[in-house]
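> Compute the structure for the input listed below.
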Amino acid sequence: MQDLGEKSSRKYRKGDSAPVKTQAVLEIVEWLASNDCHELDDAGLIAGLGLRLRKIGLPVDRLTLHLRTLHPEIFGRTVAWAPNEPVEVRDREHGILSTGAFAGSPLRQVMDTGEAVRVRPAGDIPPAWTGIDIFQGRHLVEYYIVPLCNTDGPVSAASFCTAACGGFSAFDLATLDRVLPALRNVCELRLLRRTELTLFDTYIGATTAQRILAGHIRRGAVETLEAALLLCDLRGFTELSNRLPGSRVLKLLDIYFDHVVPAIAEAGGEVLKFMGDAVLAFFPKDDPAASCAAALRGALVALARLREVAEPDAALQAGIALHYGTVSYGNIGSGQRLDFTVFGPDVNLVSRIQGACSSTGQPLLMSSRMAGLLPRSVTASIGGHALRGFVEQVELYTVKSASSVRIRQ
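As a prediction, this is how the structure comes out:
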């Protein structure tokens, strides 16, 4: 691999292409800062930039963006463009820079150091990193890889590559350097927005995130809504946490949540809270019957998936309570430390119903109102039960046979 040195040491060579006109470069910079560019997705951004660079004479045969982000599962996104080809978009999982061809690549070097590199692979055998999927088989002669440094946070990168025999001229590189600040700015804005949405979705859920981003952030900003509620609790958690090391308990909780949470999401629900080993979710659909059907579908799938889990030191069994009711949804807390949550008598009721799962030995219980919104063929009463905080006994229902239940989508 031949490193051609820092950009500050470049000298124009005899035979270099003529300088690109200042006006042409300014038009690209202005486009990157324009509303039209900001409205494009990642694929539109890189295609628009690649075409404009080619139009003013730069021999860019491969242009890639390597955009880092904060995401629990995704390390970042690679967006790659080449003339007359569809744009490639690849989400990269965590650990990608430490494995395979990425491990010793200039891409990793740039992201680690925040400094640009200009590379021409030398020798008959190309270095391993040229086998990275976005570079492989393209016979690229020169790679100019530059950092896209945010105000803070991880460093992203862009690579400008050419298959031209002479590589990039000094004028070509000078042109790219003039465009880079604008490209960095537009990428940073995209990454900040994407990170914001990812963190909100990860920690508070999509519906709540939309309300917060819409400006509902003051204490007391509460609305009333009707929804099916689901509360799932892991049985025997106290005994399990007293018996096993903390690291093992955490792993078991992750296994448990990996079976319960996707079942809720696939049924159209949204998790509001993780409360230790419990999950509180709601299903905000316009039609009450559809909301209840979705909640029951999510509960049955979660229980079915948990039954398939076989851990040598713990039985992951859950009790799930369902109820349809009216809840207050909004901000509670103190000063600048608030929580966006649901509360009210119906939230209390679903909590007490969940407690009855242990005393009755039933894995799934629901209120009479919930049962009334489901087909009669699905539910069966188990009679009245005394629930803490309620004066009169509450009639509870379960499903007749989980294996025979068919709930409409």
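> got the residue ranges for the helices in the stretch 301-409 of the chain?
For the stretch 301-409 of the chain, applying DSSP state H, counting those that start in this stretch gives helices covering 345-360, 368-372.
> Look up which helix or strand G50 falls in, please.
Secondary structure assignment for G50, by DSSP states H and E: helix 42-55.
> what's downstream of that helix, the next helix or strand?
Towards the C-terminus, the helix or strand next in line after helix 42-55, according to DSSP H and E, is strand 62-68.
> So which elements touch that following strand?
Packing partners of strand 62-68 (3 or more Cβ pairs under 8 Å, 6 or more residues apart in numbering; DSSP states H and E): helix 42-55, strand 74-81, helix 106-113, strand 156-162, helix 170-204. Any C-beta I mention is one placed from the backbone N, CA and C, and that applies to glycine too.
> average model confidence for that strand?
Within the predicted structure, the mean pLDDT of strand 62-68 is 92.
> Just the residues contacting it, thanks.
When contacts are taken as Cβ atoms under 8 Å, 6 or more residues apart in numbering, the neighbours of strand 62-68 outside the stretch itself are 42, 45-46, 49-50, 53, 75-82, 107, 111, 134-135, 138, 140, 148, 153-163, 187, 190-191.
> what ranges of this structure fall below the confidence cut-off?
For the chain, residues meeting the criterion pLDDT under 70 lie at 1-20, 123, 204, 209, 214-217, 220, 402-409.
> Spell out which residues make up each domain of it.
Here the domain parsing of the chain from automatic domain parsing is 2-203, 206-404.
> need the ones you listed in JSON lines with mean neighbour count, can you?
What follows is the domains of the chain, written out as JSON lines (neighbours: other Cβ atoms under 10 Å):
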{"stretch": "domain 2-203", "mean neighbour count": "16"}
{"stretch": "domain 206-404", "mean neighbour count": "17"}
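> Excluding chain neighbours, what is closest to T326?
E226 (5.3 Å; Cβ to Cβ, 6 or more residues apart in numbering).
> pretty sure the one you found is in contact with H323, am I right?
No: with contacts defined as Cβ atoms under 8 Å, E226 does not count as touching H323, sitting 11.2 Å away.
> ok, I255 touching D313?
No: in this structure I255 lies outside contact range of D313 using Cβ under 8 Å: 11.7 Å.
> need the contact list for A221.
By Cβ under 8 Å, 6+ apart, the contact list for A221 reads 330-331.
> any idea how far A289 lies from V394?
According to Cβ to Cβ, to the nearest Å, A289 and V394 sit 21 Å apart.
> er, Q362 actually
If you measure Q362 against V394 using Cβ to Cβ, the figure is 14 Å.
> Whichever helix or strand R90 is part of pairs with which strands?
Counting by DSSP H and E, the element that carries R90 is strand 88-93. Looking at strand 88-93 with DSSP bridges, its partner strands are strand 74-81 (antiparallel).
> Specify the angle between the strand it pairs with and strand 62-68 in degrees.
160 degrees (axes from the mean of the first three to the mean of the last three Cα atoms, to 10 degrees).
> chain center to stretch 133-151: distance?
Here stretch 133-151 is found 25 Å from its chain centre; the criterion is Cα atoms, centre = their mean, to the nearest Å.
> begin at 16 from here
Got it, first residue is 16 now, which makes that one stretch 148-166.
> first to last residue in it, what's the distance?
Start-to-end span of stretch 148-166 (Cα to Cα, to the nearest Å) is 29 Å.
> likewise stretch 111-127?
Start-to-end span of stretch 111-127 (Cα to Cα) is 13 Å.
> Could you do stretch 143-153 as well?
End-to-end distance for stretch 143-153: 14 Å, by Cα to Cα.
> Contacts for it next, please.
Residues from elsewhere that reach stretch 143-153, judged by Cβ under 8 Å, 6+ apart: 76-77, 79, 93, 95, 97, 103, 105, 116-117, 119-122, 136, 155, 158, 176, 178.
> Report the distance from the helix holding G65 to the chain centre.
When C-alpha coordinates are averaged (Cα atoms, centre = their mean), helix 57-70 and its chain have centres 26 Å apart.
> for that helix, packing partners?
Contacting helix 57-70 under the criterion 3+ Cβ pairs under 8 Å, 6+ apart are the following elements: helix 37-47, strand 77-83, strand 89-96, helix 185-219.
> Make CSV out of those and add distance to V393.
Putting those into CSV (distance: least, Cβ to Cβ, whole Å) gives the following:
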stretch, distance to V393
helix 37-47, 57
strand 77-83, 47
strand 89-96, 39
helix 185-219, 32
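> I'd like the distance between Q377 and V237.
In this view, Q377 and V237 are 33 Å apart by Cβ to Cβ.
> Could you do D127 as well?
47 Å.
> Specify the local secondary structure of the residue nearest to T341.
Secondary structure for E241, judged by DSSP: H, G, I helix; E, B strand; the rest coil, is strand.
> wait, what's in contact with it?
If a contact means Cβ under 8 Å, 6+ apart, then E241 has 303, 306, 339-342 as its contacts.
> Tell me the spacing between it and G345.
Spatial separation of E241 from G345 under the definition Cβ to Cβ is 15 Å.
> same deal with L315?
Computed with Cβ to Cβ, the distance linking L315 and G345 is 30 Å.
> What of L228?
In this structure, L228 and G345 are separated by 15 Å, where distance is defined by Cβ to Cβ.
> before we move on, what about L78?
Between L78 and G345 the distance, using Cβ to Cβ, works out to 46 Å.
> Kindly report the same for H274.
Looking at H274 against G345, where the rule is Cβ to Cβ, the gap reads 30 Å.
> what's the answer for R312, then?
Distance of R312 to G345, given as Cβ to Cβ: 27 Å.
> before we move on, what about G283?
Look at G283 and G345: by Cβ to Cβ, they are 22 Å apart.
> With D127 instead?
With the distance defined as Cβ to Cβ, D127 ends up 44 Å from G345.
> my guess is K266 is in a helix, correct?
Yes: when the secondary structure is assigned by three-state DSSP, K266 falls within a helix.
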